[in-house]
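Visitor: No sequence on hand, only this structure:
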């Protein structure tokens, strides 16, 4: 089956590894980012409009970025030419638990299928974000390359979306406060006591803290321990570790995972502006298949 029999699409929140997107012909809808210093740009899968080092330097210097849900009009402009060319579409979308992006995508789909009644367009609420969403999208592209039909691949995305771990840790709690994920009082107390939240994404697609540990290194070790307790990864799929701007910590987590013997391959990726503004430069995440997402550590 040709890769062009249907197109696989995700959005910039997926932080899909650029080489994976290019290799498997995965299209990515950009997302608008506005920074407090006045900079505006479209976040893209390859970060062409804002180098990640420059972005995180801005964040360290006190800037903050806000992101807007992808509008119905942007979806119409993105998808209409693809449908007009005769393509069917499978779109794995940023979680409805954190954005109206999914709702806007459904609205655009309704309009477009009235214009193109012979085309098929499946939109899946990933109930996830950042690298885990990109990881799942990449595997959907591998499914397509093996001949999986559009409807079956959409069902695969839906069936597996609650079986992906989205575990995360941060060191600087003030970014969670600025993004509305943590109260200022809790952020100040946690920073003073060196308490580090450890979290996941819950079954409603919301970013949640599921416990705390004291100290950065301990939090990284806890990510590995959580993986050891919950991983249910097919042998041919790697574990994905993503970092905002802390490569040494990502390498440490990779080593811990490999040393645990629970995975034979760990890939390191990056977290882009859409999620990175909430986690801050010290954001570190880990993605793998599991029987059930964790609710406590």
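Guide: Structure received. Everything numeric here is computed off the predicted structure, so don't read it as measured data.
Visitor: What segments of the stretch 51-200 of the chain are strands?
Guide: Shown for the stretch 51-200 of the chain, the strands assigned by DSSP state E, counting those that start in this stretch span residues 65-67, 88-93, 121-125, 164-169, 195-201.
Visitor: Please point out which parts of stretch 222-241 sit buried.
Guide: Residues 222-224, 226-227, 230-231, 233, 237, 239-241 are the ones in stretch 222-241 that count as buried (16 or more other Cβ atoms under 10 Å). (C-beta placed from N, C-alpha, C; glycine too.)
Visitor: Quick check: the farthest pair among those?
Guide: The span of the buried residues of stretch 222-241, defined through Cβ to Cβ, is set by 222 and 237 at 22.7 Å.
Visitor: what about the stretch 51-200 of the chain, any weak spots by pLDDT?
Guide: The stretch 51-200 of the chain contains residues with pLDDT under 70 at 172-194.
Visitor: would you list every one of the helices in it?
Guide: Along the stretch 51-200 of the chain, counting by DSSP state H, counting those that start in this stretch, helices occupy 52-60, 72-84, 101-115, 130-145, 150-160, 174-178, 184-192.
Visitor: The third one vs strand 88-93, what angle?
Guide: Read it as helix 101-115. With axes from the mean of the first three to the mean of the last three Cα atoms, to 10 degrees applied, the angle from helix 101-115 to strand 88-93 works out at 170 degrees.
Visitor: ok and helix 101-115 relative to strand 121-125, angle-wise?
Guide: Using the same axes, to 10 degrees: helix 101-115 against strand 121-125 is 170 degrees.
Visitor: how close does residue 80 sit to residue 138?
Guide: 25 Å (Cβ to Cβ, to the nearest Å).
Visitor: If you could redo that for residue 24, that was the one I meant.
Guide: 6 Å.
Visitor: Settle it for me: which of these two has more neighbours?
Guide: residue 138 (24 against 18; other Cβ atoms under 10 Å).
Visitor: since we're on the closest residue to the more buried one other than its chain neighbours, how many residues are nearby?
Guide: Sequence neighbours aside, residue 20 is the residue nearest to residue 138 in space, at 4.6 Å (criterion: Cβ to Cβ, 6 or more residues apart in numbering). Around residue 20 there are 19 other residues, counting by other Cβ under 10 Å.
Visitor: Ok, residue 13 next?
Guide: Using other Cβ under 10 Å, residue 13 has 28 other residues around it.
Visitor: Now do the SS call for it.
Guide: helix (DSSP: H, G, I helix; E, B strand; the rest coil).
Visitor: Tell me who's in contact with it.
Guide: For residue 13, the contacting residues are 31, 43, 94, 99, 101, 129-130, 133, 272, 274-275, by Cβ atoms under 8 Å, 6 or more residues apart in numbering.
Visitor: Could I get those in TSV, plus columns for neighbour count and distance to residue 120?
Guide: TSV is the format used below for those (neighbours: other Cβ atoms under 10 Å; distance: Cβ to Cβ, whole Å):
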residue	neighbour count	distance to residue 120
31	24	25
43	26	28
94	31	21
99	21	24
101	24	21
129	27	26
130	31	28
133	30	22
272	28	29
274	23	28
275	27	30
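Visitor: Residue 228 contacts residue 262, doesn't it?
Guide: Yes - using Cβ atoms under 8 Å, residue 228 is in contact with residue 262, at 5.3 Å.
Visitor: Could you name every residue contacting both of residue 24 and residue 138?
Guide: What both residue 24 and residue 138 touch, as defined by Cβ under 8 Å, 6+ apart, is an empty set.
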